[in-house]
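**Student:** Sequence and computational prediction follow.
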Amino acid sequence: DIYCRVSYYEGLPNFNEISGCELYTQDDTLIIHQFKPEITVKLKLSQIKTIDVLQENTFMMKYKNTSVQQKNTPVKLSYYVFKYVNSKGEDAMFVLLGAGMEIRQIYKLQERINQSTSPQSYDL
């Protein structure tokens, strides 16, 4: 199973920006639990289309149309962009943020999502 701590960035109602969360899987469900205020969001793994792992500057250029000032810190932020189909059947996304320790867990989750999307076949 997947478990890591991350920070929430954007895209989930009632969550506080840049606040601590835990991210984990339970059977076929991804759970995001914010500590303050305490909120829990559940998302079926089958609803997740992709998880993009982006470095800070790449994320800012792609989604915010800006660049970031280079910082002289050893900490490199990673943005985790979750694209999914919401309960209304619409495409949606949310973004989590991490400083590197969680990246293996995110890649494991990404791999699990990619394996669960079964190949499609159809006749032309």
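**Tutor:** Arrived safely.

**Student:** Isn't residue 94 up against residue 82?
**Tutor:** Yes - Residue 94 lies in contact with residue 82 (C-beta atoms under 8 Å); the separation is 5.3 Å. The C-beta positions use only the backbone N, C-alpha and C, and glycine is treated the same way.

**Student:** mind checking how far the biggest helix by length in the chain is from the chain centre?
**Tutor:** Assignment by DSSP state H gives helix 103-116 as the longest helix of the chain. The chain centroid and the centroid of helix 103-116 are separated by 11 Å under C-alpha atoms, centre = their mean, to the nearest Å.

**Student:** could you say what helices and strands it packs with?
**Tutor:** strand 3-10, strand 19-26, strand 48-55, strand 78-85 (3 or more C-beta pairs under 8 Å, 6 or more residues apart in numbering; DSSP states H and E).

**Student:** what's the angle between it and strand 3-10?
**Tutor:** Here the directions of helix 103-116 and strand 3-10 differ by 90 degrees (axes from the mean of the first three to the mean of the last three C-alpha atoms, to 10 degrees).

**Student:** Buried ones in helix 103-116, by neighbour count?
**Tutor:** Under the neighbour-count criterion of 16 or more other C-beta atoms under 10 Å, helix 103-116 has 105, 106, 109, 110, 112, 113 buried.

**Student:** got the contact list for that helix?
**Tutor:** 2-4, 23, 25, 30, 45-46, 48, 50-51, 53, 78, 80, 98 (C-beta atoms under 8 Å, 6 or more residues apart in numbering).

**Student:** make it 7 Å
**Tutor:** 2, 3, 4, 45, 46, 48, 51, 53, 78, 80 (C-beta atoms under 7 Å, 6 or more residues apart in numbering).

**Student:** what comes up buried for stretch 91-104?
**Tutor:** Buried-residue list, stretch 91-104, by 16+ other C-beta under 10 Å: 92, 93, 94, 95, 96, 97, 98, 102.

**Student:** For residue 13, state which of those is nearest.
**Tutor:** residue 94 (9.7 Å; C-beta to C-beta).

**Student:** so how far is the helix or strand hosting that closest one off the chain centroid?
**Tutor:** Assigning secondary structure by DSSP states H and E places residue 94 in strand 91-98. Here the centre of strand 91-98 is set off from its chain's centre by 5 Å, with C-alpha atoms, centre = their mean.
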